[in-house]
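In: just to be clear, the model below is a prediction. Sequence and coordinates:
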Amino acid sequence: MKRTLFDKIWDAHVVETITAGPDILYIDKHLIHEVTSPQAFNELRERNIPILRPDKIVATADHNTPTENQHLPIKDLLSRNQLKQLSTNCEENNITLYGLGHPYNGIVHVMAPELGITQPGMTIVCGDSHTSTHGAFGTIAFGIGTSQVAQVFASQCLLVEKPKKLRVNVNGKLKNGVLPKDVILYLISKLGTNSGTGYFCEYAGNVFEEMSMEGRMTVCNMSIEMGARGGLIAPDETTFSYVEGREFAPKGVEFEKMKAYWKNLKTDEGAEFDKEYSFSAEDIEPMITYGTNPGMGIKLTEAIPLNQGNSDKKALEYMGFTEGESLIDKPINYIFIGSCTNSRIEDFRTAASYIKGKQKAANVNALIVPGSRQVAEQIKAEGLQSIFEEAGFSLRQPGCSACLAMNDDKIPAGEYCVSTSNRNFEGRQGQGSRTLLASPLTAAATAIAGKITNFTHNLN
Amino acid sequence: MEKFISLTDTAVPLEIENIDTDQIIPARFLKATDKAGFGENLFRDWRFNKEGNPNPDFNLNNKKYAGSILVAGDNFGCGSSREHAAWALKAYGFKVIVSSYFADIFKGNSLNNGLLPLQVSPEFLEKLFIAINSDASEKIHIDLENQLIKITSTGESEKFDIDPYKKNCMLNGYDDIDFLVSRKEAIQKFEDTKLQF
Ligand code: SF4
């Protein structure tokens, strides 16, 4: 039978199928962080069940960490306690932890790929919905709730029903200034926020084939924003050369052996999908969202659609926008370049290349937060730090930061923020904050102009 | 886990679509390390104004409405995977959430906590809203065994779907951990014979 990439990985991980029920799926890597793991550790402790495979778990601290003075004790007591619990839990259970200040520390979906922990063909889970990011390597990766974190602790397995299969094809040539973030925002704006519910999505077509691993991660990251459990892209030479040589990647003969296996991980010609969509790259332009879900996106040059439903009206009211208006020239006081969607080195290179030699507008607070310590080091090594600082941007230490505003990095109520993160929900970046999702290039250009601007004519 | 067999109760209507888990429980309340106490902060920013006073326009604050059933608009529970959302709904006192669509992760999280996410057709959802809006004391009957939801005053009812395995867990009050731990040998065999990363 002809099988999809998804089928191949899934089938290789089914321990058992329960009659008229879910599959028992084996999990190769379990990533954990401070916010969604403590109750799972408690659960096992209370039931007196040991953690089955501590060596398949990697922990980091990212959601609830400060982005300044990380060497000092954390001021917020609750946050400090949560991080302390993570350390104690990892220590007691022999789990590797890359805590705050460790050279490998970072946002879970940035540090695991860059360390070679993420490898093609794996099943990966984490108590965080953007685990879909790892699908960029040709893995089945998805977010789970805390009860499921406890299940994986107890059995290295999960009970899951096999999702349906969706394929999204994008072919053609992307226009100048259109980044992977624009591609995924465009797809979500066309397909809606629940088009993917119940599905795992494979991205196919030359646009994804030509993307860097960083770009593929940005795309897969936001699969969840169209409702899909996860997204994935077939591994290819770009994938293999990204993985090769990384800290925890297989080495030498072992790598070659795995590579031979990885090469088979692609959808067979003629394999069937439950749903399929195709788009042309030429139709995509730099995107921005105007509402309170990621599907409410338009091209920078478009006007907010007319005749919206009640929920959309409520969203527009929250955002302070009206139907039919254009966002161009709207004054913006905050920009945020960071989060597991866009905090990799390529994102900062792109932003820096636009910013270089320019100054941010006086009204703008520009926050730059690398996804990991390694990215932060590279920003320094490549001389991007001085570009940002000379332009008046504030470069912070790594973490989730203003993506979910659990720490002090909050956008004040009523203020607009052009953000490279993945969610523009009400209050996501702080109570009353108004988020406009966009690419790092759009965010950088907004910071320089002090307002939303059609920057494409400034590009060479 | 508590058993769930059937329930007859009044409902609270929340006619809003795409209610995401950030609204159900905002991120700033996720610093706790146990499951207790999330009910107080359920829908925090909708329920209370900036000064911390209850917002009279929000249905959870409307004395007219009470009960352990929440009837909500399409695509409930989208967004972040935080299970805290299910804990908050449960801790507040809800036992069933009715909507015409649930986000996958939220659905799983609810079932794992004995909170029933009950998906009805958009038409039936409309009927529920009409019934509750015209009479807040309307009783809704839910029968998990027969997978049936009924508006008691009019007798209108609809069948709903639930994964048979999950249904069994809810009816008997046991969870996935119990089951998985019982399959240890099969898991060991898988590890011994299949490709390991
Ligand atoms: S950066 Fe944002 S979306 Fe990504 S893991 Fe952190 S909180 Fe979640």
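Out: Yep, it's here.
In: every contact and neighbour count from this point should use C-alpha atoms.
Out: Noted.
In: elements contacting the top helix by length along chain B?
Out: Taking DSSP state H as the criterion, chain B has its longest helix at helix B:122-134. Judged by 3 or more Cα pairs under 8 Å, 6 or more residues apart in numbering or on different chains; DSSP states H and E, the packing partners of helix B:122-134 are strand B:11-14, strand B:69-72.
In: any chance of the ones you listed in CSV, with mean pLDDT and mean neighbour count too?
Out: As requested, those are exported to CSV (pLDDT from 0 to 100; neighbours: other Cα atoms under 10 Å in any protein chain shown):
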stretch, mean pLDDT, mean neighbour count
strand B:11-14, 97, 22
strand B:69-72, 98, 23
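In: sorry, back to before: can you tell me what sits against whatever helix or strand comes next after the longest helix of chain B?
Out: Going down the chain from helix B:122-134, the next helix or strand is strand B:140-143, by DSSP states H and E. Outside strand B:140-143, the residues that touch it by Cα atoms under 8 Å, 6 or more residues apart in numbering or on different chains are B:Ile5, B:Ser6, B:Leu7, B:Thr8, B:Asp9, B:Thr10, B:Ala11, B:Leu148, B:Ile149, B:Lys150, B:Ile151, B:Thr152.
In: helices - which of these land there?
Out: Reading helices off the contacts of strand B:140-143, I find no matches (DSSP H).
In: select only the buried ones of these in ChimeraX?
Out: Per 16 or more other Cα atoms under 10 Å in any protein chain shown, the buried members of the contacts of strand B:140-143 correspond to this ChimeraX selection:
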select /B:7,8,10,11,148,149,150,151
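In: three-state assignment of the nearest residue to A:Thr133 once chain neighbours are set aside?
Out: Computed as Cα to Cα, 6 or more residues apart in numbering or on different chains, the closest residue to A:Thr133 that is not its neighbour in sequence is A:Asn221, at 3.9 Å. Here A:Asn221 is recorded as helix under DSSP: H, G, I helix; E, B strand; the rest coil.
In: if we can go back for a sec, pull the residues that contact the longest helix of chain B.
Out: B:Ala11, B:Val12, B:Pro13, B:Glu15, B:Val71, B:Asp74, B:Val98, B:Ser99, B:Ser100, B:Glu138, B:Ile151, B:Glu158.
In: any idea which element residue 85 lies in?
Out: Defaulting to chain A. Applying DSSP H and E, one finds A:Gln85 within helix A:77-92.
In: nope, chain B
Out: helix B:84-92.
In: give the contact list for the residue nearest the centre of chain B.
Out: Residue closest to the mean C-alpha point of chain B, counted by Cα atoms, centre = their mean, is B:Ile97 at 3.9 Å. Counting by Cα under 8 Å, 6+ apart, B:Ile97 touches B:Ile69, B:Leu70, B:Val71, B:Ala72, B:Leu115, B:Leu116, B:Pro117, B:Leu118.
In: the helix or strand that contains it pairs with which strands, parallel or anti?
Out: Element membership for B:Ile97 (DSSP H and E) is strand B:96-99. If you go by DSSP bridges, strand B:96-99 pairs up with strand B:69-72 (parallel), strand B:116-119 (parallel).
In: for A:Lys8, find the nearest of the ones you listed.
Out: Across these, A:Lys8 has its closest neighbour in strand B:116-119 (30.9 Å, Cα to Cα).
In: separation between A:Thr238 and A:Ser212?
Out: Distance, A:Thr238 to A:Ser212, by Cα to Cα, to the nearest Å: 7 Å.
In: what does the stretch 1-150 of chain A put close to the ligand?
Out: A:His63, A:His130 (Cα under 6 Å from any ligand atom).
In: can you pull out the strands in the stretch 1-150 of chain A?
Out: A:14-17, A:23-26, A:29-32, A:57-60, A:96-98, A:123-126, A:140-143 (DSSP state E, counting those that start in this stretch).
In: how far away is the residue in chain B positioned nearest to the ligand from A:Leu306?
Out: Across chain B, no residue is closer to the ligand than B:Ser80, which sits at 7.6 Å (Cα to the nearest ligand atom). B:Ser80 sits 29 Å away from A:Leu306, going by Cα to Cα.
In: same drill for those two, tell me which one is more crowded.
Out: B:Ser80 (26 against 10; other Cα atoms under 10 Å in any protein chain shown).
In: which element is the more buried one on?
Out: Applying DSSP H and E, one finds B:Ser80 in no helix or strand.
In: phi first, then psi, for it.
Out: As for B:Ser80, its main-chain torsions (degrees, to the nearest 10) stand at phi -60, psi 150.
In: pLDDT score for residue 107?
Out: No chain was given, so I picked chain A. In the predicted model, A:Ile107 carries a pLDDT score of 97.
In: actually chain B
Out: For B:Lys107, the model assigns a pLDDT of 94.
In: near chain B, which residues of the stretch 51-200 of chain A?
Out: Within reach of chain B by Cα under 8 Å from any Cα of the partner chain, the stretch 51-200 of chain A has these residues: A:64, A:78-79, A:82, A:85, A:122, A:127-129, A:143-147, A:150-151, A:154-155, A:157-159, A:194, A:197-198.
In: isn't there a strand covering A:Asn169?
Out: Yes: counting by three-state DSSP, A:Asn169 is part of a strand.
In: kindly state the beta-bridge partners for it.
Out: With DSSP bridges as the rule, A:Asn169 is bridged to A:Ala204, A:Ser278.
In: check the gap between it and the ligand for me.
Out: Distance, A:Asn169 to the ligand, by Cα to the nearest ligand atom, to the nearest Å: 25 Å.
In: let me see the contact set for that residue.
Out: Contacts of A:Asn169 by Cα under 8 Å, 6+ apart are A:Tyr203, A:Ala204, A:Gly205, A:Glu276, A:Tyr277, A:Ser278, A:Phe279.
In: so, low pLDDT: which residues of the chain?
Out: Went with chain A since none was named. Low-confidence segments of chain A, defined by pLDDT under 70: A:460.
In: what does the model give B:Phe48 for pLDDT?
Out: With respect to pLDDT, B:Phe48 has a value of 94.
In: which non-adjacent residue is nearest it?
Out: Nearest to B:Phe48 is B:Pro54, by Cα to Cα, 6+ apart, at 4.3 Å.
In: hmm, back to that, of the residues of the stretch 51-200 of chain A next to chain B, select the buried ones using a ChimeraX command.
Out: A single ChimeraX command is used to select the members of those judged buried by 16+ other Cα under 10 Å:
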select /A:64,78,79,82,85,122,127,128,129,143,144,145,146,147,150,151,154,155,157,158,159,194,197,198
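In: okay, strands next: where are they in the stretch 251-400 of chain A?
Out: Under DSSP E, counting those that start in this stretch, the stretch 251-400 of chain A gives strands at A:275-280, A:287-289, A:297-299, A:334-337, A:365-368, A:394-395.
In: what pairs with the shortest one, parallel or antiparallel?
Out: Using DSSP bridges, the strands paired with strand A:394-395 in its sheet are strand A:365-368 (parallel).
In: how about the helices of the stretch 51-200 of chain A, start to end?
Out: Using DSSP state H, counting those that start in this stretch, the helices found in the stretch 51-200 of chain A span residues A:77-92, A:108-114, A:146-155, A:180-191.
In: need those helices in CSV with distance to B:Ile105, can you?
Out: Below are the helices of the stretch 51-200 of chain A laid out as CSV (distance: least, Cα to Cα, whole Å):
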stretch, distance to B:Ile105
helix A:77-92, 23
helix A:108-114, 18
helix A:146-155, 10
helix A:180-191, 19
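In: closest one to A:Thr133 among those?
Out: helix A:108-114 (6.4 Å).
In: now the closest one: how far from the chain's centre is it?
Out: On the basis of Cα atoms, centre = their mean, to the nearest Å, helix A:108-114 sits 10 Å off its chain's mean C-alpha point.
In: repeat that for stretch A:426-441.
Out: For stretch A:426-441, the distance to the chain centre is 15 Å (Cα atoms, centre = their mean).
In: hmm, it in reach of the ligand?
Out: No: Stretch A:426-441 does not reach the ligand (Cα under 6 Å from any ligand atom); its nearest approach is 9.7 Å.
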